[in-house]
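Novice: Got a predicted structure plus its sequence, pasted below:
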Amino acid sequence: QSQLVESGGGLVQPGGSLKLSCAASGFTLDAYAVGWFRQAPGKEREEILCISSSGYIKNYADSVKDRFTISRDNTKNTVYLSMNTLKPEDTAVYYCATDRRRAACPASVFDLRSWGQGTQVTVSS
């Protein structure tokens, strides 16, 4: 069974850091683009970052610029979202997504049709 599984979420104080993981099982991620998006309670989904199969990074959100980065470790079949200088407004469920039709990052992360179940990130003192 092919699936994506996010992990690494939790409670962190403002100004802190977290590193989320998106691991694939049942298939290899290295040939596909992988993106991250988030959804906060009562708010619309917000797309964040995407990394192509070749490592090109596309940023969709000014709100995370210079604070969040995306990377991939093909030896571990995993993509990471490193989040620094976290703010309370970063509180959300974070999802990764991919699409086995796409090696390049799409115009929208929501064009990637396979999503994980999400991991909760809470930024609070």
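Specialist: Looks like it arrived, so ask away. Numbering: from 1, shown residues only.
Novice: do you know how far L18 is from R72?
Specialist: Distance of L18 to R72, given as Cβ to Cβ, to the nearest Å: 17 Å. From N, CA and C alone the C-beta is placed, and that goes for glycine too.
Novice: ditto for G16
Specialist: Taking Cβ to Cβ, one finds G16 at 23 Å from R72.
Novice: same check, this time on A40
Specialist: 25 Å.
Novice: higher neighbour count, these two?
Specialist: Applying other Cβ atoms under 10 Å to A40 and R72 shows that R72 carries more neighbours, namely 20 against 14.
Novice: show me where this protein has helices.
Specialist: For the chain, applying DSSP state H gives no helices.
Novice: So which residue is dead centre in it?
Specialist: W36 (2.7 Å; Cα atoms, centre = their mean).
Novice: who's it bridged to?
Specialist: Beta-bridge pairing for W36 (DSSP bridges): L49, C96.
Novice: Return the per-residue confidence for it.
Specialist: We note a pLDDT of 98 for W36 in this prediction.
Novice: Double-check it against S71; I have them as touching.
Specialist: No. Here W36 does not reach S71: they are 11.3 Å apart, not a contact under Cβ atoms under 8 Å.
Novice: those strands in the protein, which residues are they?
Specialist: Secondary structure of the chain by DSSP state E: the strands cover 3-7, 10-12, 18-25, 34-39, 46-51, 57-59, 68-73, 78-83, 92-98, 114-115, 119-123.
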